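**Student:** got a predicted model here, sequence first, then my questions.
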Amino acid sequence: MRILIAPHAGFCFGVRRAIEMARRAAADGDLVYSLGPLIHNRQAVEELRRQGVVPVEGPDDVPDGARVMIRTHGAGPDVYEALEARGLQPLDATCPFVKRAHDAARRFHQEGYQVLVLGDREHPESQGIVQQAAGAATIVSEPEEVEGLAPRAAIVCQTTQRRENLQALVAAVLPRVQELRVANTICDATTQRQEASAALAAQVDLVVVVGGYHSANTRRLAEICGAGGVPTHHVEVPEELEPGWFRDARVVGITAGASTPDDLLRAVAERAAEIGGPETEIAWP
Ligand code: F3S
């Protein structure tokens, strides 16, 4: 059996940077608090907790004077103000690509545009972008939701949006306004991972997608890989691999979501290789 690991599988630049920042900060022995789990992966969050990085719900749950991490998703000015009011020290792990969306939303709002944020209403990243536009932006997830536009409108995207969604929103808004500004703040890491995983799925007999069940981007990866008809299994840990899945597979593809640690991806690949037997090779990208 051959095992092919998808290029761009696992941590993206922003998540890797946030985890390293958290580990470095906690290395001095004092706890570091994160506003929500740093990543959507239960095993990685537990490992971080052992290293002194503790997720909390909000600034009120943090002891006085402590250090508090803002996640890659970023936050609105209200959160920074709440930290300052409590005398807490912010450690800002907002991904630079999310910051680009923040800057665009703030600038468009200051220049008098009606700001539309293409994103998921429940997602903290979209909510943070809205707050950067002084709370005056509107989140839209589908072009059909757009209504009551001002003559001057601007679009900013949640970084995980798909390009076709942005194009559809631009097509829906443009005929209804006098002026439209667009900041394409989509992050390529997601597209690259998805395209590489889809290409891998097309050349293998079985795909294993590694990542948290709560990670939206991992679930989406499993959908994309399975869409071409290849049997696809989503697992969180190596123990979930079932030998029966591999029975007729000569080539197995493994990919992982943006929040999946490298060691978990490696452990799943090694367990798959064990199931495949002594002749099995793992090809890393
Ligand atoms: Fe940043 Fe893109 Fe990752 S926005 S957190 S590098 S998916």
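**Tutor:** Right, received. Where do you want to start? Only a predicted model underlies this, so the values are computations on that prediction, with no experimental measurement involved.
**Student:** and the residue of the stretch 151-285 of the chain found nearest the ligand, what does it touch?
**Tutor:** Going by C-beta to the nearest ligand atom, the ligand is nearest to C187 of the stretch 151-285 of the chain, at 3.1 Å. (Each C-beta comes from the backbone N, C-alpha and C, glycine too.) By C-beta atoms under 8 Å, 6 or more residues apart in numbering, the contact set of C187 is C12, G14, C95, F97, T159, T160.
**Student:** what about the helices in the stretch 51-200 of the chain?
**Tutor:** 77-85, 96-110, 124-132, 163-173, 188-201 (DSSP state H, counting those that start in this stretch).
**Student:** any chance of those helices in JSON lines, with mean pLDDT too?
**Tutor:** As requested, the helices of the stretch 51-200 of the chain are exported to JSON lines (pLDDT from 0 to 100):
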{"stretch": "helix 77-85", "mean pLDDT": "92"}
{"stretch": "helix 96-110", "mean pLDDT": "97"}
{"stretch": "helix 124-132", "mean pLDDT": "95"}
{"stretch": "helix 163-173", "mean pLDDT": "95"}
{"stretch": "helix 188-201", "mean pLDDT": "93"}
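**Student:** how about the residues of this structure by the ligand?
**Tutor:** In this structure, the chain approaches the ligand at residues 12-15, 72, 95, 97-98, 159, 187, 189-190, 258, judged by C-beta under 6 Å from any ligand atom.
**Student:** distance of A216 relative to H102?
**Tutor:** The gap separating A216 from H102 is 21 Å, by C-beta to C-beta, to the nearest Å.
**Student:** so these two - more neighbours on which side?
**Tutor:** Shown here are A216 and H102; by other C-beta atoms under 10 Å, H102 has more neighbours (22 against 16).
**Student:** so the more buried one is in contact with G74, correct?
**Tutor:** Yes: counting by C-beta atoms under 8 Å, H102 touches G74, with 6.1 Å between them.
**Student:** list residues touching both of these two?
**Tutor:** T94, G128, I129.
**Student:** what is the nearest of these to the ligand?
**Tutor:** Looking across the shared contacts of H102 and G74 and measuring by C-beta to the nearest ligand atom, the closest to the ligand is T94, at 8.9 Å.
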